[in-house]
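*Asks:* Here you go, sequence then predicted model.
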Amino acid sequence: MSEKRPTKVAVGEVAPNRRRGGDLRVLLSPRTAGTTSGFMGRLTLEPGEFVSEHYHPYSEEFLYLVRGELVVRMDGEPVPMEPGSALLVPIGVRHRVENAGAGPAEAIFQLGPLAPRPELGHVDTEPLPGAAGHGQIDVGGRA
């Protein structure tokens, strides 16, 4: 029987995912830490940047705002967030995360459970960045 050991991952050890805008770093995931029930990471958005609308068919998303101002549009309804606040995005709820402030916003996210396959974890409901110039970040699926 193998011994389970803690896995520590520093934000500086993970390359930023800028493919869809902003700075997304998945810190603990099946790939980085061998997680089996979900994943977590850090999202940084500059003023005016956003995570385009999407939903997670298998996972709840937990979002905690460390600094800055965010507006999370859940099924189109705005939910303002301030530092120190947390938000639950239920399974299947469309959501869009926008930096509503004058400075950078930094949030911690966690999703669980994992989708059965990575490509099933995130469903886009807005055009991808290349198609419409959006600043989308994929915060779903396995990273």
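*Replies:* Received, thanks.

*Asks:* Show me the contact partners of the helix or strand where Glu106 lies.
*Replies:* Assessed by DSSP states H and E, Glu106 sits inside strand 105-112. Under the contact criterion C-beta atoms under 8 Å, 6 or more residues apart in numbering, strand 105-112 has outside partners 37-45, 56, 59-70, 81, 97, 99, 121, 139-140. (Each C-beta comes from the backbone N, C-alpha and C, glycine too.)

*Asks:* Return the subset of the residues you listed lying in strands.
*Replies:* Among these, the subset assigned to strands under DSSP state E consists of 39-45, 60-67, 70, 81, 97, 99.

*Asks:* ChimeraX command to pick out the buried ones of those?
*Replies:* Buried members of the ones in strands among the contacts of strand 105-112 can be picked out in ChimeraX with the line below, counting by 16 or more other C-beta atoms under 10 Å:
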select :39,40,41,42,43,44,45,60,61,62,63,64,65,70,81,97,99
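
*Asks:* shaky segments in this structure?
*Replies:* Residues of the chain meeting the criterion pLDDT under 70: 1-3, 19-21, 128-143.

*Asks:* and with 50 instead?
*Replies:* For the chain, applying pLDDT under 50 flags the ranges 130-143.

*Asks:* How much space separates the residue nearest to Leu45 when sequence neighbours are not counted from Glu69?
*Replies:* In space, Leu45 comes closest to Asn99 once its chain neighbours are excluded; the distance is 4.0 Å by C-beta to C-beta, 6 or more residues apart in numbering. According to C-beta to C-beta, to the nearest Å, Asn99 and Glu69 sit 7 Å apart.

*Asks:* Val51 now?
*Replies:* From Val51 to Glu69 the distance is 15 Å (C-beta to C-beta).

*Asks:* Could you check which of the two has the larger neighbour count?
*Replies:* Val51 (28 against 17; other C-beta atoms under 10 Å).

*Asks:* My read is that the more buried one contacts Leu63, right?
*Replies:* No - under the criterion of C-beta atoms under 8 Å, Val51 makes no contact with Leu63, lying 10.0 Å away.
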